[in-house]
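Undergrad: The following comprises the amino acid sequence and a computationally predicted model.
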Amino acid sequence: MTGQDGRGSAVAGRLRCARARVLPALLGALALTAGASALGRNLNASQLPPAGAPGAPVVAQAPALGGPVVTAVAAGDIACDPAAPDFHGGQGSATVCHQAATAEMIAALHPDAVLALGDNQYEDGALAKFMASYDATWGRFRAITRPIVGNHEYLTPDAAGYFAYFGAAAGDPDKGYYSYDLGAWHVVALNSECSHVGGCGRGSPQERWLRADLAAHPSRCTLAYWHEPRYASGPEWDNANTTALWQALYDNGAELVLSGHAHDYERFAPQDAHWNLDPARGVVQLVVGTGGANHTPIGYVRPNSLVHDDVAFGVLLLTLEPDGYTWRFVPEPGQTFTDGGSARCH
């Protein structure tokens with residue numbers, strides 16, 4: 001099912017030129033980069049070059065935080081375990097381990113920021129696995145990546161490999177949530193692995209922090225993202241534990257929530273925190289668990305789901321303007337599914 005295409009507002013000449021380069025690049029076949037060989041088991045944080053240091057896998061500058069129009073690329077559920085049978089040195093197979101292909105797409109899109117939506121590395125968050133798989137592909141954009149942690153990262157105790165790999169960009173390791181400004185937008189990165197941070201319910205440390213953060217940053221346009229979606233189709237992907245976080249965003253006029261966890265793409269109509277359609281004040285959710293690891297079938301479709309696909313790998317391209325946004329799901333070459341549109345901020 002394909003959504004209605006929307007018209008984005010005219011943006012700066014730099015972005016127009018970049019988009020003109022992107023389309024032919026994506027229509028061509030993308031060469032998969034070879035994965036790095038598995039690193040030794042004794043790898044630790046002291047062996048990891050910091051972002052920006054000589055030898056670090058960085059090809060871009062930090063986001064232009066003050067610009068009037070910025071672009072961000074987002075996806076989760078990204079890099080296969082280097083021990084997976086279909087890893088094939090990072091090349092993957094026809095249906096799984098496409099992290100190298102989606103990384104090439106990011107390079108073609110030239111975003112200002114990359115939002116890694118959790119389960120960035122499988123099957124757990126060991127630092128050696130990050131270096132052998134994620135770092136060899138999406139690691140090229142580590143300097144501009146603003147990540148969130150997923151349930152698979154916590155299969156390594158305290159998600160230690162994740163926090164070692166991303167460093168300060170991942171926030172306080174005891175919290176895993178933080179906020180920043182991107183262009184004219186206020187952006188909140190939250191931790192949906194609630195049991196590891198004192199819960200996500202009303203009155204929890206994270207919920208109180210979120211409400212205080214939103215009150216301190218009364219931006220017209222607000223974006224939030226976390227790993228396990230509040231809303232998702234299928235039997236088990238939606239996470240009611242994040243209801244209080246959604247309520248805080250709804251109360252403060254947020255526009256958009258991004259999530260992964262469900263290995264598919266799905267867009268929901270604007271909703272409140274309890275499955276109720278609210279075109280005037282509701283928050284739109286986009287599930288983008290399409291970063292390359294594998295797909296899972298959607299199954300039955302939830303209320304207010306407008307667009308859904310469980311076949312194409314790809315990334316979400318967001319253009320964030322001072323009073324609105326444009327989105328487009330960009331599939332990897334060979335896939336035809338897409339979704340796009342635009343909306344104004346509340």
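TA: Cool, got the structure.

Undergrad: make it CA atoms for all contacts and neighbour counts henceforth
TA: Fine.

Undergrad: in which helix or strand would I find the nearest residue to residue 205 once chain neighbours are set aside?
TA: Closest residue to residue 205 apart from its sequence neighbours, by C-alpha to C-alpha, 6 or more residues apart in numbering: residue 198 at 6.6 Å. Remark: residue 198 resides in no helix or strand, with elements defined by DSSP states H and E.

Undergrad: Over to residue 211?
TA: Using DSSP H and E, residue 211 falls in helix 205-216.

Undergrad: Need phi/psi at residue 127.
TA: Dihedral pair for residue 127: phi -60, psi -40, per degrees, to the nearest 10.

Undergrad: if we can go back for a sec, give the pairing partners of the next helix-or-strand element following the helix holding residue 211; include direction for each.
TA: Next helix or strand after helix 205-216 toward the C-terminus (DSSP H and E): strand 222-225. Neighbouring strands of strand 222-225 in its sheet, by DSSP bridges, are strand 185-189 (parallel), strand 256-259 (parallel).

Undergrad: Would you reformat those strands as a markdown table and include distance to residue 237, mean neighbour count and mean pLDDT?
TA: As requested, those are exported to a markdown table (distance: least, C-alpha to C-alpha, whole Å; neighbours: other C-alpha atoms under 10 Å; pLDDT from 0 to 100):
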| stretch | distance to residue 237 | mean neighbour count | mean pLDDT |
| --- | --- | --- | --- |
| strand 185-189 | 19 | 23 | 98 |
| strand 256-259 | 11 | 25 | 98 |
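
Undergrad: With distance to residue 138 added, can I get those in a markdown table?
TA: Shown next, in a markdown table, are those (distance: least, C-alpha to C-alpha, whole Å):
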| stretch | distance to residue 138 |
| --- | --- |
| strand 185-189 | 19 |
| strand 256-259 | 18 |
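
Undergrad: closest to residue 98 out of those strands?
TA: strand 256-259 (18.9 Å; C-alpha to C-alpha).

Undergrad: Model confidence for the residue nearest to residue 205, exactly?
TA: For residue 198, the model assigns a pLDDT of 97.

Undergrad: In this structure it contacts residue 204, no?
TA: Yes: with contacts counted by C-alpha atoms under 8 Å, residue 198 reaches residue 204, the gap being 6.5 Å.

Undergrad: quick one: which of these two has more around it?
TA: residue 204 (16 against 13; other C-alpha atoms under 10 Å).

Undergrad: what pLDDT does the more buried one get?
TA: At residue 204, pLDDT is 98.

Undergrad: ok, it to residue 335 distance?
TA: 42 Å (C-alpha to C-alpha, to the nearest Å).

Undergrad: what does residue 269 give?
TA: 24 Å.

Undergrad: between these two, which one's more packed in?
TA: For residue 269 versus residue 335, neighbours defined as other C-alpha under 10 Å are more numerous around residue 269 (19 against 12).

Undergrad: and the more buried one, what element?
TA: Short version, using DSSP H and E: residue 269 is in strand 265-271.

Undergrad: The chain: helices as residue ranges?
TA: Assigned by DSSP state H, the chain shows helices spanning 13-27, 99-109, 127-129, 160-166, 205-216, 243-251.

Undergrad: List just the one of the ones you listed that sits closest to residue 311.
TA: helix 99-109 (14.1 Å).

Undergrad: And the residue nearest to residue 205, its phi and psi?
TA: As for residue 198, its main-chain torsions (degrees, to the nearest 10) stand at phi 80, psi 20.

Undergrad: Dump the helices of the chain into a markdown table; add distance to residue 260 and mean neighbour count as well.
TA: Output for the helices of the chain, formatted as a markdown table (distance: least, C-alpha to C-alpha, whole Å; neighbours: other C-alpha atoms under 10 Å):
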| stretch | distance to residue 260 | mean neighbour count |
| --- | --- | --- |
| helix 13-27 | 23 | 13 |
| helix 99-109 | 15 | 24 |
| helix 127-129 | 20 | 25 |
| helix 160-166 | 16 | 23 |
| helix 205-216 | 19 | 16 |
| helix 243-251 | 16 | 20 |
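
Undergrad: Which of those helices has the lowest mean pLDDT?
TA: helix 13-27 (a mean of 37).

Undergrad: Which one of the strands paired with strand 222-225 lies nearest to residue 144?
TA: Closest approach to residue 144 among the strands paired with strand 222-225 is made by strand 185-189 (14.2 Å; C-alpha to C-alpha).

Undergrad: Can I get that closest one in PDB? Just the C-alpha atoms.
TA: C-alpha atoms of strand 185-189 as PDB (Å, rounded to 0.1, in the frame of the first residue of the first chain):
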ATOM      1  CA  TRP A 185      12.900  21.700  15.900                       C
ATOM      2  CA  HIS A 186      13.300  20.400  19.400                       C
ATOM      3  CA  VAL A 187      14.100  16.700  19.300                       C
ATOM      4  CA  VAL A 188      13.700  14.300  22.200                       C
ATOM      5  CA  ALA A 189      15.400  10.800  22.200                       C
END
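
Undergrad: quick one: contacts of that strand?
TA: With contact meaning C-alpha atoms under 8 Å, 6 or more residues apart in numbering, strand 185-189 is reached by 147-148, 177-181, 217, 219-226, 320-322.

Undergrad: can you pull the alpha-carbon coordinates of the helix holding residue 211 into CSV?
TA: Provided in CSV are the C-alpha atoms of helix 205-216 (Å, rounded to 0.1, in the frame of the first residue of the first chain):
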residue,chain,number,x,y,z
PRO,A,205,12.0,9.6,36.3
GLN,A,206,11.9,9.6,32.5
GLU,A,207,8.4,10.9,32.3
ARG,A,208,9.1,13.7,34.8
TRP,A,209,12.3,14.6,32.8
LEU,A,210,10.4,14.7,29.6
ARG,A,211,7.7,17.0,30.8
ALA,A,212,10.4,19.3,32.3
ASP,A,213,12.3,19.3,29.1
LEU,A,214,9.3,20.1,26.9
ALA,A,215,8.4,22.9,29.2
ALA,A,216,11.9,24.3,29.0
